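Asks: A predicted structure for the sequence below; I have some questions about it.
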Amino acid sequence: MKSFDSSDDAAREVLGLVSPISEAFNVEIGGSIYHDRLGYHYSSLVVGSSTSVYITFGLDGYHTHPNAFFEFSNSHNSESGGTGDVGWLNDSRNRNVILYLGTQIGGKIFIGSCTAVTCFDSPYRTEPSKVL
């Protein structure tokens, strides 16, 4: 099991690997990033639908958007009809976690992150608060 120095480093690696697959097969891919005495690690991949993927609550999460959409979804733009990425972040179990997003646009991979404090349920766009 490979370990990383930070949650950002683990997210960069896994999203760099799976974003092209997500786009090619039109599915969201996600999972968790966790920390132990050896460092940060990413979990096994979870494959979802074209508009959502289940991510465990209470741990940093990572996921892709297969449609070149480099914005976090919210209740106003969630294609699955749910509360979207912002809703996941605002769950009480996720108050201290980071959600990472990766997408491929024009052959280039973009990775960003948001937290409950920095990602808002806007009727317009919810852009990453940090781009890696």
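Replies: Ah, there it is.

Asks: Report the secondary structure state of the residue nearest to Asp91 when sequence neighbours are not counted.
Replies: Nearest in space to Asp91, with sequence neighbours left out and distances taken as Cβ to Cβ, 6 or more residues apart in numbering, is Phe57 at 5.9 Å. C-beta here means a position set from N, CA and C on the backbone, and glycine is covered the same way. Per DSSP: H, G, I helix; E, B strand; the rest coil, the local secondary structure of Phe57 is coil.

Asks: just the strands in this structure please.
Replies: Remark: strands assigned in the chain by DSSP state E are 29-36, 39-42, 46-47, 60-64, 98-105, 108-115, 130-131.

Asks: gap between the residue nearest to Asp91 and Tyr100?
Replies: Here the criterion is Cβ to Cβ, to the nearest Å. By it, Phe57 lies 15 Å from Tyr100.

Asks: neighbour-wise, which of those two wins?
Replies: Set side by side, Phe57 and Tyr100 give different neighbour counts by other Cβ atoms under 10 Å, the larger being at Tyr100 (27 against 13).

Asks: Select the longest helix from this protein.
Replies: When every helix of the chain is counted residue by residue (DSSP state H), the longest turns out to be helix 7-25.

Asks: hey, C-alpha coordinates of that one in PDB?
Replies: The C-alpha coordinates for helix 7-25 follow below in PDB (Å, rounded to 0.1, in the frame of the first residue of the first chain):
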ATOM      1  CA  SER A   7      -4.400  14.100   1.600                       C
ATOM      2  CA  ASP A   8      -3.700  16.500  -1.300                       C
ATOM      3  CA  ASP A   9      -0.900  14.200  -2.600                       C
ATOM      4  CA  ALA A  10      -3.100  11.100  -2.400                       C
ATOM      5  CA  ALA A  11      -5.900  12.900  -4.200                       C
ATOM      6  CA  ARG A  12      -3.600  14.100  -7.000                       C
ATOM      7  CA  GLU A  13      -2.400  10.600  -7.600                       C
ATOM      8  CA  VAL A  14      -5.700   8.700  -7.600                       C
ATOM      9  CA  LEU A  15      -7.600  11.400  -9.500                       C
ATOM     10  CA  GLY A  16      -4.800  11.700 -12.000                       C
ATOM     11  CA  LEU A  17      -5.200   8.000 -12.700                       C
ATOM     12  CA  VAL A  18      -9.000   7.600 -12.800                       C
ATOM     13  CA  SER A  19     -10.200  10.900 -14.400                       C
ATOM     14  CA  PRO A  20      -9.400   9.700 -18.000                       C
ATOM     15  CA  ILE A  21     -11.200   6.400 -17.200                       C
ATOM     16  CA  SER A  22     -14.200   8.300 -15.800                       C
ATOM     17  CA  GLU A  23     -14.400  10.400 -19.000                       C
ATOM     18  CA  ALA A  24     -14.000   7.400 -21.300                       C
ATOM     19  CA  PHE A  25     -16.700   5.300 -19.700                       C
END
